[in-house]
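# Okay, sequence plus prediction incoming.
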Amino acid sequence: MALGNVTVVGLQWGDEGKGKVVDALAAKCDYVVRYCGGANAGHSVSIGGQKFAMHLIPCGVFNRGVVNVIGNGVVFDPAVAIQEIDGLLQRGVKVGPDSLRISSAAHVVMPYHRRQDALNEAMLGGGKIGTTARGIGPCYADKAARWPAIRVGELTDAEALREKITRIVAIKNKLLAALYGEGPMDAAAIADEYVAYGRRLAPMICNTAALLRRAVAAGEKILFEGGQGTMLDVDHGTYPFVTSSSVSACGVAPGAGVPPSAVGHVVGVIKAYTSRVGAGPFPTEQDNDTGEYLRKRGNEYGTTTGRPRRCGWFDAFAVRYAADLSGVSTLALSLLDVLSGLEEVRVCTGYRLDGGKLAEYDPTVLARAECIYQTLPGWKDDISACRRMEDLPAAARAYVARLEELVARPVGFISVSPERTASILRGDLVEGLA
Ligand code: IMP
């Protein structure tokens, strides 16, 4: 089966292990494209014992010949991007105009966005969202407001950029002083900094939407790499405890500038349990020894912020909803090894609400929902060396089969340790990309 394009999305609250799946599938693709979010993402790839934590640069950079694209739907922080590019170059990973293209229409994260993000959160106190403080929300807000927004293409016109930054910073300074009692930011210093970024990045900046539409027309293979997870989607997640972009497969077309039909085969990445960073409802959360066990074994500390992640059981009701939203055809299951050693494992199959069983998933009622669990036998064995389904303990196989049933999709990829090669491939997900 030839699969055409592929879209990889997270079906939980982010940190599902998308980096490893993208890296595996990128080997068969011509382009890997980020279409949403920004440096709030933290995609990990482990190669030969070396761990790479990617925030802005697509995870296709580890595969030669792949063109990596930062699409127009991304909020682009040039400081983070340059740091990441330099870090990769130092470690022998080639990143340059041949392998990385940045959309001239992506919006630029400015120092005042990061500052606004942190000050907003501090002002909200106990009601805060728990953002990554990367300036994501304020940058998307300015994109929607239009007048205070700066796009990547504008970084290359030094004179116009200086003039625009001076104008915007004067207004931002008034806002920061009035709302938070903050001192002024130095517009000239910010302009110098961003003019220098423009000079450095200019060879990589282009009209990526046109590039990708040409690729679609030529039948080249594109992988769209989702950030965060569906439950953090600005429209369909646990609003207001979400990020500020469309992270499901529904965000691909506007975020990359391609027709919706270019989305292709959708792979939904799930973790064998659930984690969440930041505030907001989380029905299957285990704020107890089980949660601690999962956090320790899964090393559940934020890739971007280092914050301990909240951990809990797999929520099949939520994942089914997320898979339906994105039109997922195959699941990629990660961190199955983390569950090893538990006497029993639980899966949430639905919610009870106001005395009845909730018929349709609804992310707005989670705070009042009570989980309905099914308990399955656990397994003791270390499964990190398993490379075929038959190598897994019977209880682990039964767990995977139950998830497939509940989410109504096959699992085509199982990761059993962070290392690039530690996976079980089923069906023709990877071969189909050839
Ligand atoms: P923001 O995207 O920094 O505004 O954060 C909004 C919410 O999304 C917070 O709860 C963050 O912890 C969460 N979040 C944003 N990006 C990621 C991610 O890549 N993984 C997990 N959580 C994320």
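Arrived safely. Residues are numbered from 1 along each chain as shown.

# And this protein, what are its domain boundaries?
As assigned by automatic domain parsing, the chain contains the domains 6-98+207-425, 107-204.

# Mean pLDDT, distance to the ligand and mean neighbour count for those - can I get that in TSV?
The way it works is simple: take the backbone N, C-alpha and C, and place the C-beta from them, glycine included. Supplementary listing: the domains of the chain in TSV, determined by pLDDT from 0 to 100; distance: least, CB to the nearest ligand atom, whole Å; neighbours: other CB atoms under 10 Å:
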stretch	mean pLDDT	distance to the ligand	mean neighbour count
domain 6-98+207-425	95	2	20
domain 107-204	97	3	17
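
# pLDDT value on residue 3, please?
pLDDT, residue 3: 67.

# try residue 433
On pLDDT, residue 433 comes in at 57.

# how about residue 79, what does it touch?
Residues in contact with residue 79 (CB atoms under 8 Å, 6 or more residues apart in numbering) are 193, 197.

# any idea how far residue 225 lies from residue 18?
7 Å (CB to CB, to the nearest Å).

# hey, what's in contact with both of those two?
Contacts common to residue 225 and residue 18, judged by CB under 8 Å, 6+ apart, are 8, 43, 59.

# As a markdown table, the residues you listed with secondary structure would be great.
Output for those, formatted as a markdown table (DSSP: H, G, I helix; E, B strand; the rest coil):
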| residue | secondary structure |
| --- | --- |
| 8 | strand |
| 43 | strand |
| 59 | helix |
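
# For residue 413, state which of these is nearest.
Checking the shared contacts of residue 225 and residue 18 against residue 413 with CB to CB, the nearest one is residue 8 at 10.2 Å.

# Spit out the contact partners of that closest one.
Contacts of residue 8 (CB under 8 Å, 6+ apart): 18, 21-22, 25, 223-226, 266-267, 269, 332.

# what's the most distant pair in these?
Largest separation among those by CB to CB: 224 and 332, giving 14.4 Å.

# State the phi and psi torsions of residue 205.
Dihedral angles of residue 205 (phi, psi; degrees, to the nearest 10) stand at phi -90, psi 130.

# what does residue 26 give?
phi -60, psi -30.

# Distance of it relative to residue 138?
Applying CB to CB, the value for residue 26 to residue 138 is 31 Å.

# Which SSE is immediately downstream of the strand ranked longest in the chain?
The residue-count maximum for a strand in the chain (DSSP state E) belongs to strand 344-353. Later in the chain than strand 344-353, the nearest helix or strand by DSSP states H and E is strand 356-357.

# partners of that following strand, with directions?
Next to strand 356-357 in the sheet, as set by DSSP bridges, lie strand 344-353 (antiparallel).

# got the contact list for the strand it pairs with?
Strand 344-353 is contacted from outside by 283-284, 313-318, 339, 357-358, 361, 365-366, 368-378, 399, 402-403, 406, using CB under 8 Å, 6+ apart.

# Please apply the same query to stretch 132-150.
When contacts are defined by CB under 8 Å, 6+ apart, stretch 132-150 is touched by residues 37-40, 75, 77, 80, 107-110, 112-118, 120-121, 129, 131, 161, 164-165, 168, 171-172, 194, 243-245, 277-278, 302, 304-305.
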